[in-house]
Each structure stands twice: as structure tokens, then as C-alpha cells.
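Asker: here are the coordinates; sequence isn't available:
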């Protein structure tokens with residue numbers, strides 16, 4: 001045993017001496033990431049599948065670590081050098097720490113196995129005052145004694161509140177923290193609510209979400225509108241009773257122009273030739289039908305939007321985006337999923353005035369000068385009233401370099417400019433084009 005202690009301390013002395021040569025205040029990291037060590041650590045272990053294993057032995061080996069008759073080279077006795085040591089005793093499966101010359105038991109097997117709560121059950125006394133469960137299948141009872149509990153929390157989470165006669169006063173299935181929300185609440189006595197009482201339907205259930213087995217008495221009802229002065233109630237004293245509409249009509253049959261009947265028909269028609277509601281007394285043999293006529297929208301007819309082809313009349317404005325040819329949300333203010341046809345006009349005259357609405361209604365205007373012997377003059381519309389509008393002009397005619405004299409001259413209205421460089425633009429060669437856009441009261445060239 002003397003040799004074992006001397007060898008241990010000799011190895012420790014050599015290890016610390018080696019570290020001192022490298023760095024006087026060195027740190028050590030063993031395991032993963034050896035270059036990453038916490039600043040406050042002198043020794044750090046890091047591993048995903050390994051751990052620190054303490055010295056293990058039986059009682060004889062534990063006592064053998066301390067050699068009473070030896071003195072270490074630095075003058076310390078083994079008793080002093082062992083202070084703070086921790087080891088695991090295999091004899092009683094316990095941890096021991098050396099303190100003040102003695103081995104003290106830190107944690108024993110009986111403490112681990114018997115002194116802590118276990119899911120399988122615990123040996124405790126219900127006669128003494130305690131708060132807890134004897135096992136996972138037990139219920140939690142809160143009260144003055146175990147036989148007269150005021151609140152019982154069942155293993156399934158249901159909370160039973162008992163009265164003085166041990167009868168269930170209220171049963172709460174679930175409470176949500178942070179808000180006064182109850183999933184299921186069964187009350188056998190009065191329920192007084194001082195604040196708001198909100199009933200919300202659970203979309204995952206198909207059952208009735210607010211059920212009362214007795215009458216409901218409502219007092220101090222709120223007004224539906226500010227000018228209301230009368231209290232609407234069914235039955236004396238504001239008691240609301242369950243009844244069907246048929247029984248209500250059976251007791252008070254309505255009379256319309258002397259006709260007493262409990263059957264009343266309403267219908268929505270689509271006849272565009274009829275204006276307003278009308279009565280159909282021929283389509284049904286039993287009763288007449290009051291028809292509120294709302295036809296499908298058409299030219300000159302306002303009405304419903306149908307799934308069939310329709311033509312609308314009047315200016316329409318869309319505040320949001322619009323998509324054509326698709327059923328998904330458009331990615332732009334106006335998105336077309338398909339081909340686009342734009343209005344075009346073929347002109348073979350020597351003048352073309354676009355200040356008239358009919359001539360300005362085209363997107364593309366083509367001038368054919370093959371049969372002409374002089375220039376073509378085009379008057380552009382005012383750019384100030386149509387900001388953003390596009391026009392494309394193209395000159396065609398005979399092939400070759402001829403017909404330069406039959407040029408097409410685009411002239412602005414009043415003093416408006418084209419690209420800020422004048423009030424006109426000329427197309428000389430056949431098969432050339434230009435695209436203009438109205439911008440800030442003038443015209444700009446955006447393409448040829």
C-alpha cells in the first residue's frame with residue numbers, strides 16, 4: 001500500500017511538472033474540441049460517449065488508500081493529501097468523500113431507491129398532513145382530512161369540487177392558464193358570472209356547444225340599437241322557453257288580406273323583364289309564391305354575376321389586383337395567363353386626327369402609303385388627360401428605298417413635346433415604327 005501511494009503521487013508530480021514546463025498556468029481539455037476550453041476551467045472533459053469514472057473498490061481498498069505510517073516527500077501525511085478525494089465503494093454502492101480525516105458517505109443506494117418519489121408507487125402515510133400522490137393512478141385530494149376533501153383531482157385530469165355534504169358541486173374538465181376559458185363545465189347549482197361569459201364553438205366537434213337543460217332567465221338585456229326602448233322577451237318574467245316555429249304559428253296563425261295559412265313561400269327569380277317583387281299564382285297548385293326578382297346582369301340590366309357568359313355595361317373600377325385566365329392570386333396589379341389581343345387600325349389616308357375618340361381607341365395604327373403621293377399628317381391626342389397610355393405607329397408601303405416623300409409625321413397637340421426635343425416625329429422609311437407613351441403631360445419614345 002505504501003508503494004501504491006508513492007507511485008500515485010510520483011505520477012501526479014511528474015504530470016504537473018511537465019505542464020509547468022509548457023506553461024505556468026496551463027489548462028487541460030480532454031475529449032472533443034480540445035482547442036475549446038472555458039476560461040474558468042483548469043480541467044475540462046467533453047465527450048458524447050465517454051464519462052469520468054472515479055476510483056472504485058471495497059471497504060478494504062478504501063481504507064488502504066490512506067497509509068498511516070508514511071510521510072510524503074513534501075511533508076504532508078497521506079491523511080492531509082487525501083482531503084477532498086471522492087471514490088465509489090463497491091461494497092455498499094455508495095459515494096464517499098474524504099473530509100477532516102474521515103470518509104463521509106455522500107449518496108447511498110438506499111437513499112436513491114427508497115427516499116424519492118417513484119411512478120410505481122410509494123410507501124407513505126395518508127393519516128399525516130401531506131400534499132401529493134401515492135402513485136400515477138391515485139387522485140389528489142385537498143381538504144381538512146382524507147375523507148372530507150373539498151377538491152379532488154382525478155387521474156384523468158377532471159377536477160371535482162364538493163359541497164359540505166360531499167356532493168359534486170362543479171366538475172371542471174380543463175382550464176387554460178392566462179385566460180378564463182373552460183372546455184367543459186358541469187354545474188348542478190347556480191352559476192353566477194360577474195364579467196363577460198363567452199361561448200365559443202369548437203370546430204373540431206359536431207355536438208351542440210351550448211346546452212341548457214332548464215329555462216333561461218334573462219334580465220337587463222342590452223339594446224340592439226341605440227333608439228330601442230322596449231325589452232324583447234319570450235314568456236312572462238323574461239323566461240326563455242324552448243318552442244318550435246310551427247307551434248308558434250299554430251297558436252297565432254297569420255292572416256294576409258283575409259287568407260289564413262301557415263304555409264308561406266318565397267322565391268328569387270331571374271326574369272329580366274320583371275321589375276321588383278311579383279306573385280306567381282300559377283306555377284304551384286297549392287299556394288301562391290312571392291318572388292323577389294333579381295335577374296342576371298346584362299347590357300342595360302343590373303343583376304347577379306352568373307357562371308355563364310355575360311356582357312356588362314358601365315365603367316367598372318377594381319381597387320385590388322385582377323387576374324385573367326387563372327384561378328390563383330395574381331402576382332401583379334393585372335396578370336393575364338394567356339394571349340392578349342389589342343385593337344389595331346390600318347390607315348391609307350393622308351391625315352389622321354387622334355383627338356377624336358374613335359381614332360384614339362386603337363393600340364396600334366399602321367399607315368399604308370403604297371397608293372399615296374404625299375406625306376401623312378397625324379395629330380396626337382393630349383397627353384395630359386391620358387397619362388401612361390401607349391401607342392405604336394408603323395409605316396408600310398412599297399419595298400425598296402423609295403417613297404421617302406410619303407413620310408408619316410406625328411404632331412402633338414398644342415405645345416406638348418416628344419422626348420422634350422420638339423413637337424413632332426417623322427417616319428421616313430417604309431416598315432419602320434415608333435412607340436410613344438404619355439408621361440407628365442408630354443410624349444416619350446419607349447421603343448422603335
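Answerer: Structure's in. What do you need? Being a predicted model, the structure only gives us computed values, none of them experimental. Numbering: from 1, shown residues only.

Asker: Report the contact partners of residue 448.
Answerer: By CB atoms under 8 Å, 6 or more residues apart in numbering, the contact list for residue 448 reads 432-435. Every residue, glycine included, has its C-beta placed from N, CA and C.

Asker: out of these, which is most surrounded?
Answerer: residue 434 (19 neighbours; other CB atoms under 10 Å).

Asker: where in the stretch 151-300 of the chain is pLDDT low?
Answerer: With pLDDT under 70 as the threshold, the stretch 151-300 of the chain has low-confidence stretches at 157, 163-270, 272, 274-291.

Asker: Which residue, neighbours along the chain excluded, lies closest to residue 308?
Answerer: Closest residue to residue 308 apart from its sequence neighbours, by CB to CB, 6 or more residues apart in numbering: residue 296 at 7.5 Å.

Asker: how far away is residue 50 from residue 432?
Answerer: Separation of residue 50 from residue 432 (CB to CB, to the nearest Å): 83 Å.

Asker: who's in contact with residue 436?
Answerer: Contacts of residue 436 by CB under 8 Å, 6+ apart are 380, 390-393, 410, 418, 425, 443-446.

Asker: How many residues are close by residue 443?
Answerer: Neighbours around residue 443, by other CB under 10 Å: 25.

Asker: Might one say that it is in contact with residue 437?
Answerer: Yes. The criterion here is CB atoms under 8 Å, and residue 443 meets it with residue 437 at 7.1 Å.

Asker: now, which of the contacts of residue 448 sits nearest residue 106?
Answerer: Nearest to residue 106 among the contacts of residue 448, counting by CB to CB, is residue 435 at 90.5 Å.

Asker: Run a quick neighbour tally on residue 102.
Answerer: Neighbour count of residue 102, defined by other CB under 10 Å: 9.

Asker: Tell me how far it lies from residue 82.
Answerer: 10 Å.

Asker: again, but for residue 360
Answerer: Note on residue 360: its distance to residue 82, by CB to CB, is 107 Å.

Asker: before we move on, the earlier item: quick check: the residue nearest to residue 308 touching residue 307?
Answerer: No. Residue 296 is beyond contact range of residue 307, at 9.9 Å (criterion: CB under 8 Å).

Asker: more crowded one of those two?
Answerer: For residue 296 and residue 307, the more surrounded residue by other CB under 10 Å is residue 296, and the numbers stand at 16 against 6.

Asker: who does the more buried one bridge with?
Answerer: residue 304 (DSSP bridges).

Asker: ok, it to residue 336 distance?
Answerer: For residue 296, the distance to residue 336 - CB to CB - is 25 Å.

Asker: can you check residue 430 too?
Answerer: 32 Å.

Asker: And those two? Which one has more around it.
Answerer: More crowded of residue 430 and residue 336, by other CB under 10 Å: residue 430, with 23 against 13.

Asker: residues in contact with the residue lying closest to the more buried one once chain neighbours are set aside?
Answerer: Residue nearest to residue 430 in three dimensions, not counting chain neighbours: residue 397, with 4.4 Å by CB to CB, 6+ apart. Neighbouring residues of residue 397 by CB under 8 Å, 6+ apart: 368-370, 372, 403, 406, 430.

Asker: coming back round to it: tell me the one of the contacts of residue 436 nearest residue 42?
Answerer: The closest of the contacts of residue 436, once distances to residue 42 are taken by CB to CB, is residue 446, at 75.2 Å.

Asker: what's the helix or strand containing that closest one in contact with?
Answerer: Using DSSP states H and E, residue 446 sits in strand 442-447. Strand 442-447 has contacts (CB under 8 Å, 6+ apart) with 380, 383, 390, 392, 412, 416-420, 425, 434-437.

Asker: Of all the residues in stretch 376-396, which ones are buried?
Answerer: The neighbour-count check on stretch 376-396 (16 or more other CB atoms under 10 Å) flags 376-381, 383, 391-396 as buried.

Asker: can you check stretch 151-161 too?
Answerer: Quick answer for stretch 151-161 (16+ other CB under 10 Å): 152-153, 160.

Asker: Show me those residues that map onto helices.
Answerer: Residues of the buried residues of stretch 151-161 located in helices (DSSP state H): none.

Asker: residue contacts, residue 433?
Answerer: 392-395, 427, 448.

Asker: Fine, thanks again, bye for now.
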